[in-house]
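> Pasting the sequence and the predicted coordinates here, then a few questions.
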Amino acid sequence: MEAIKFLIETIFDLFLMVILLRFWLQTAKADFYNPLSQFVVKVTSFAVNPLRKIIPGFAGLDIASLLLAVLIAVAKISILMLIFNGIWNAPSVIKYSFVTLLNNVFFLLYGVLIIRALLSWLSQGYNPMEAVFHQLTEPMLRPIRKVIPPLGGFDLSFIVLFIALQFLQKLIMSFLIF
């Protein structure tokens, strides 16, 4: 049964992260023609486009993608609850769906930051993947660089942001999981 649980969690979490990435790309106004952006749009359009007909964007935010992310988290928790507990409990579904959503948001943030840091050290010249990761992370890193400029060629803003995000995640989770 653990293998089935793993498979269900992995499938839902991967799709949830792609939906969250779509929301983040649109919020950051990242290059739509970038290969990563095109991949994300193609993979998610079958689910997002029908919702967009019902739920329009608001203040530059793709509310349909955000709602779809919430629905995917609810579906994941509901399916796991029904399969492994045999019951469906609405308060638990809401609570654990929110936890799932937040965990995926932070996992996506960490992943993009790590990839951006690695690409900044390894890439030679222009790289379209590096450009989109730059567009996603620079709004978070820029304020940190104003306080802590690069020291001797080392940019500590990645580490500071990573630690701040981990602190924020632990703080939020401590309030949600009691």
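Noted; the coordinates are in hand. Residues are numbered from 1 along each chain as shown.
> Can you give me the distance of Leu68 to Leu119?
Per Cβ to Cβ, to the nearest Å, Leu68 is found 29 Å from Leu119. C-beta coordinates here come from the backbone N, C-alpha and C atoms, glycine included.
> Who has more neighbours out of the two?
Taking other Cβ atoms under 10 Å, Leu68 and Leu119 do not tie; Leu68 has more neighbours (24 against 15).
> quick one: contacts for that one?
Shown in contact with Leu68 (Cβ atoms under 8 Å, 6 or more residues apart in numbering): Ile19, Thr44, Ala47, Val48, Leu51.
> And the pLDDT for the closest residue to Ile79 other than its chain neighbours?
Nearest non-adjacent residue to Ile79, counting by Cβ to Cβ, 6 or more residues apart in numbering: Ile8, 6.2 Å away. Here, the pLDDT recorded for Ile8 equals 94.
> number of nearby residues for Ile8?
For Ile8, the neighbour count with other Cβ under 10 Å is 15.
> again, but for Leu66
By other Cβ under 10 Å, 20 other residues sit near Leu66.
> ditto for Leu14
Counted with other Cβ under 10 Å, residues neighbouring Leu14 total 12.
> and what of Leu171?
9.
> now do the one 4 residues further on
Other residues within reach of Phe175 by the criterion other Cβ under 10 Å amount to 7.
> Which of the helices or strands spans it?
Assessed by DSSP states H and E, Phe175 sits inside helix 157-176.
> Please, where are all the helices along this protein?
Here the chain has its helices, by DSSP state H, at 2-27, 35-54, 63-84, 90-122, 128-147, 157-176.
> What helices and strands are in contact with the first one?
Other elements packing on helix 2-27 under the criterion 3 or more Cβ pairs under 8 Å, 6 or more residues apart in numbering; DSSP states H and E are helix 35-54, helix 63-84, helix 90-122, helix 128-147.
> and with 7 Å instead?
Where contact means 3 or more Cβ pairs under 7 Å, 6 or more residues apart in numbering; DSSP states H and E, helix 2-27 is packed against helix 35-54, helix 63-84, helix 90-122.
> which parts of the first one are buried?
Going back to what we said before, that points to helix 35-54. Leu36, Ser37, Val40, Val41, Val43, Thr44, Ala47, Val48, Leu51 (16 or more other Cβ atoms under 10 Å).
> can you check stretch 15-30 too?
Neighbour-count burial for stretch 15-30, with 16+ other Cβ under 10 Å as criterion, is recorded at 15-26, 30.
> same deal with stretch 116-132?
Of the residues in stretch 116-132, Arg116, Ala117, Glu130, Val132 count as buried by neighbour count, 16+ other Cβ under 10 Å.
> Need the distance between the two termini of it.
Stretch 116-132 has an end-to-end distance of 9 Å (Cα to Cα, to the nearest Å).
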